[in-house]
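> sequence and predicted model, in that order:
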Amino acid sequence: MLNFVNVISAWAIPIIIVFIPLYAAYRKVPVYESFIDGAKDGFDTAVKIIPHLVGMMASISIFRASGALDAMIGVIRPLFERFGVPGEVLPLALLRPITGAGSLAFTADLMKHFGPDSLIGRIASTVQGSTDTTLYVLVVYFGAVGIHRTKYALKVGLFSDIVGFVAAIVICLIVF
Amino acid sequence: MVNWIWLFFISVGFLFAAINGRIDVVTEALFDGAKSGVTVCFGLISILVFWLGIMRIAEQSGLLNKLAILLRPVVSFLFPDVPKNHPAIGYILSNMSANILGLGNAATPMGIKAMQELQKLNPDPQSATPAMCTLLAINTSSITLIPTTIIAIRMSYGSANPTEIVGTTLLATLVATIAAIAADRWYRSRELKTQQKTPIRKSEENISA
């Protein structure tokens, strides 16, 4: 099990980046030209996030440096640490469903302070990567077609966020 | 909501610094945080450029369509009340394939088109149908094969093994998605039961409230 997860981590990307171009070449796609065409979008995407990340990381940085973050985490830290879970990751769970840029900024902030290879860094990476921004998806999708009564969609989204958060912690504690 | 969170971080941070008599840290932290924001984004460029290049190849080779064919049985299981040849199914398939490959920019327009098609099947255009809720459930928990953004951030903070979280993320996202589908199924069957009792019943939740 443990070994299996690590094998996926190591092999997934190499297999994808060799399989896709080979398959495309077999289907007579001009692979390099097609690559360059798509790669242009990557730059735009990265540049477009700058305002979001600068705004969020600046505000989180103030919140942390002032001691407010520690005061907030201090309340729940003992409860989390009883299970061997660092309390530092809890704000991420609260931010993740609400703001994509905010949780990404918080993840980056955690890695900056504790290092990407710490347990905190690994849990934060897994939490951030494993779910999407529930509130954003809801607003965009239902807003696009003018649905006002969203029924149980929010409950289902938040429930899966909680399950995903717990799963991320448990899996990281087992694997690392 | 995002506005409030942002304001909360800044104003509560200011308050704490002021009370602790360390107001000088606010300005310092502000510049430091802003600088980190730019550094992180610059770190993203390399990976995003390469990854989206590879994904364009996947798109043009028809791999996205291949993936859609594989997903078809899953989709007909998830959306039992959408007719098999309805255009909504096609958009849902494209939406799911794009999500799996981590193409958020391609997934969202496809998802919205799927919503528009599902809206055509909707007897009450103000209320979400069960199929719409299912589409939302799989999109909020979205299975992603490779979390490229996270890998890039780990790289820029000097991780010894930036991709070591690919396996854990995949497992966690699978668990979250299964939970979402199970919860969606449960609510769907509960709604069916209440509908049989009272045919015209307005739903309780409102997103704008």
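Perfect, I can see it now. Numbering: from 1, shown residues only, chains lettered A, B, ... in the order given.
> how far away is residue B:58 from chain A?
According to C-beta to the nearest C-beta, to the nearest Å, residue B:58 and chain A sit 5 Å apart. To be clear about C-beta, it is placed using only N, CA and C from the backbone, and glycine gets the same treatment.
> got the buried residues for the helix or strand encompassing that residue?
In this assignment (DSSP states H and E), residue B:58 forms part of helix B:24-60. Within helix B:24-60, the residues that count as buried by 16 or more other C-beta atoms under 10 Å in any protein chain shown are B:25-26, B:29-30, B:32-34, B:36-37, B:39-41, B:43-44, B:47-60.
> what is the following helix or strand past that helix packed up against?
Next along the chain after helix B:24-60, taking DSSP H and E as the criterion, comes helix B:63-78. With contacts taken as 3 or more C-beta pairs under 8 Å, 6 or more residues apart in numbering or on different chains; DSSP states H and E, helix B:63-78 sits against helix A:2-26, helix B:87-100.
> ok, and what's touching helix B:63-78?
A:20, A:23-24, B:58, B:84, B:89-90, B:92-94, B:96-98, B:100-101, B:134, B:138, B:181 (C-beta atoms under 8 Å, 6 or more residues apart in numbering or on different chains).
> one more time with 6 Å, if that's ok
B:92-93, B:96-97, B:134 (C-beta atoms under 6 Å, 6 or more residues apart in numbering or on different chains).
> what of stretch B:177-197?
A:152, A:156, A:159-160, A:163, B:130, B:134, B:137, B:141, B:143.
> just checking, which of those belong to strands?
Per DSSP state E, strands hold no members of these.
> output these as JSON lines; include the columns distance to residue B:153, neighbour count and pLDDT.
JSON lines is the format used below for those (distance: C-beta to C-beta, whole Å; neighbours: other C-beta atoms under 10 Å in any protein chain shown; pLDDT from 0 to 100):
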{"residue": "A:152", "distance to residue B:153": "34", "neighbour count": "23", "pLDDT": "94"}
{"residue": "A:156", "distance to residue B:153": "29", "neighbour count": "28", "pLDDT": "96"}
{"residue": "A:159", "distance to residue B:153": "27", "neighbour count": "23", "pLDDT": "96"}
{"residue": "A:160", "distance to residue B:153": "23", "neighbour count": "32", "pLDDT": "95"}
{"residue": "A:163", "distance to residue B:153": "24", "neighbour count": "21", "pLDDT": "96"}
{"residue": "B:130", "distance to residue B:153": "37", "neighbour count": "23", "pLDDT": "95"}
{"residue": "B:134", "distance to residue B:153": "32", "neighbour count": "26", "pLDDT": "96"}
{"residue": "B:137", "distance to residue B:153": "27", "neighbour count": "29", "pLDDT": "95"}
{"residue": "B:141", "distance to residue B:153": "21", "neighbour count": "31", "pLDDT": "88"}
{"residue": "B:143", "distance to residue B:153": "20", "neighbour count": "16", "pLDDT": "86"}
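> ok now stretch B:24-43, how far from the chain's centre?
27 Å (C-alpha atoms, centre = their mean, to the nearest Å).
> how about that stretch and chain A, any contact?
Yes: using C-beta under 6 Å from any C-beta of the partner chain, we find that stretch B:24-43 touches chain A at B:25-26, B:29-30, B:32-34, B:36-37, B:40-41.
> now, which of those residues sits nearest residue A:104?
Nearest to residue A:104 among these is residue B:40, at 8.2 Å by C-beta to C-beta.
> need the pLDDT of that closest one.
Looking at residue B:40, its pLDDT stands at 91.
> with residue A:124 as the reference, measure out to it.
Between residue B:40 and residue A:124 the computed distance is 13 Å (C-beta to C-beta, to the nearest Å).
> do the same with residue B:81
From residue B:81 to residue A:124 the distance is 39 Å (C-beta to C-beta).
> cool, and residue A:152?
Taking C-beta to C-beta, one finds residue A:152 at 29 Å from residue A:124.
> run a quick neighbour tally on residue B:180.
28 (other C-beta atoms under 10 Å in any protein chain shown).
> in the host helix or strand of it, what counts as buried?
For residue B:180, the element it lies in under DSSP H and E is helix B:166-197. By 16+ other C-beta under 10 Å, the buried positions in helix B:166-197 come out as B:166-173, B:175-177, B:179-181, B:183-184, B:187-188, B:191.
> and the residue in chain A sticking out farthest from the centre, what's its pLDDT?
In chain A, counting by C-alpha atoms, centre = their mean, residue A:28 sits farthest out from the average C-alpha position, at 35.6 Å. Looking at residue A:28, its pLDDT reads 94.
> for residue B:205, same thing?
For residue B:205, pLDDT reads 48.
> tell me which entries of the contacts of stretch B:177-197 lie within helices.
Judged by DSSP state H, helices contain the following of these: A:156, A:159-160, A:163, B:130, B:134, B:137, B:141.
> just put those in a markdown table and tack on distance to residue B:73.
Converted to a markdown table, the ones in helices among the contacts of stretch B:177-197 look like this (distance: C-beta to C-beta, whole Å):
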| residue | distance to residue B:73 |
| --- | --- |
| A:156 | 22 |
| A:159 | 25 |
| A:160 | 22 |
| A:163 | 24 |
| B:130 | 19 |
| B:134 | 15 |
| B:137 | 18 |
| B:141 | 19 |
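> among those residues, which two are most distant?
A:163 and B:130 (20.6 Å).
> under the pLDDT cut-off, which ranges of chain B? List them.
B:197-209 (pLDDT under 70).
> how about a cut-off of 80?
Per-residue confidence for chain B (pLDDT under 80) gives these ranges: B:1, B:102-105, B:195-209.
> pick the most buried one from the helices and strands packed on helix B:63-78.
helix B:87-100 (a mean of 22; mean count of other C-beta atoms under 10 Å in any protein chain shown).
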